[in-house]
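Visitor: All I have is the shape, not the residue letters:
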């Protein structure tokens, strides 16, 4: 009898233990479900809970990377937005990466390049802000100290591709050295020069040859990007002329570009606003001098400029 009581007591204890374990397991399951929901909610509001929002920006040179790295420090502090930068080694991959969603923004191209890429690749990328201008600069051989000193029949070299030829002629016109005929929807060529009072002799060359042509004495003047000039050993202080971004056509300014469906994205707009700040202007001036000039302006309309360029230059 005593053995039966002991067995009954053990059975009751086992039953109680089983019920407690079952209840505990059910409670644990409920708690696990609640935890998952809380975690999901936390993920959806990571910015509010302290985790930064990450955006990736692509570019084609180290100067732009350095600038965006500096912008990123300020964005992280002010807006809790973390900027990750990536330098690409060619001019097509940053747009491909953007259209594929691998990056959120890129900053390296003119409107003309973007419009052609969109047409060729059947993509919808759009500019959401202007970034900087790599200005053209004109240098002269020893003895020519100003534009007024340029002699009759002086030889001037410049980069021969259509984009640089067009901009070179625009700058020479602004200097008062030539007059040109502007044709709607067409880039300027040497054939469009209508007045050349000093009878300048134009010497279009491949890009690497332009600076060298001045250094070897083959020409009297040369005009090319200021950064290329300084890379070739020339001092910006010796330039007769440096392009003014205030007078530069919109299609010769480097843009910040996003996917078309993200042009109004709040985070991207905050990134552009911080890039186009006085702090960025100071950083660029202090670190790069005049090699890269801030190109943004108050009231700029990059999307409208893009549409205008397509209408004027891509309609054929």
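Guide: Okay, I see it. Computed from a predicted structure; not experimentally measured. Numbering: from 1, shown residues only.

Visitor: which residues of the protein score low on pLDDT?
Guide: 1-49, 316 (pLDDT under 70).

Visitor: Need the residue closest to the centroid of it.
Guide: In the chain, the C-alpha nearest the mean C-alpha coordinate belongs to residue 107, at 1.0 Å (C-alpha atoms, centre = their mean).

Visitor: Name the residues that touch the helix or strand hosting residue 126?
Guide: Applying DSSP states H and E as the criterion places residue 126 in strand 125-130. Residues from elsewhere that reach strand 125-130 (C-beta atoms under 8 Å, 6 or more residues apart in numbering): 95, 98-99, 105, 111, 114, 117-118, 250, 253-260, 263, 268-269, 272, 275-276, 295-297, 300, 302-303, 305-306. Heads up, the C-betas are built off the backbone N, CA and C, glycines and all.

Visitor: if we go to 6 Å?
Guide: 98, 118, 253, 255-258, 260, 263, 272, 295-296, 300, 302-303, 306 (C-beta atoms under 6 Å, 6 or more residues apart in numbering).

Visitor: These, buried ones only, as a ChimeraX selection?
Guide: In ChimeraX, a selection of the buried entries from the contacts of strand 125-130 looks like this (16 or more other C-beta atoms under 10 Å):
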select :98,118,253,255,256,257,258,263,272,295,296,300,302,306
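
Visitor: Sketch out the helices for the stretch 201-316 of the chain, chain order is fine.
Guide: Using DSSP state H, counting those that start in this stretch, the helices of the stretch 201-316 of the chain run over residues 207-215, 226-231, 266-275, 278-288, 302-313.

Visitor: List the buried residues in stretch 137-156.
Guide: 137, 138, 139, 140, 144, 147, 150, 154, 155, 156.

Visitor: again, but for stretch 167-175
Guide: Buried residues in stretch 167-175, counted by 16+ other C-beta under 10 Å: 167, 168, 169, 170, 171, 172, 173.

Visitor: ok, which pair from these is furthest apart?
Guide: Spatially, the most separated pair among those is 167 and 173, at 10.6 Å (C-beta to C-beta).
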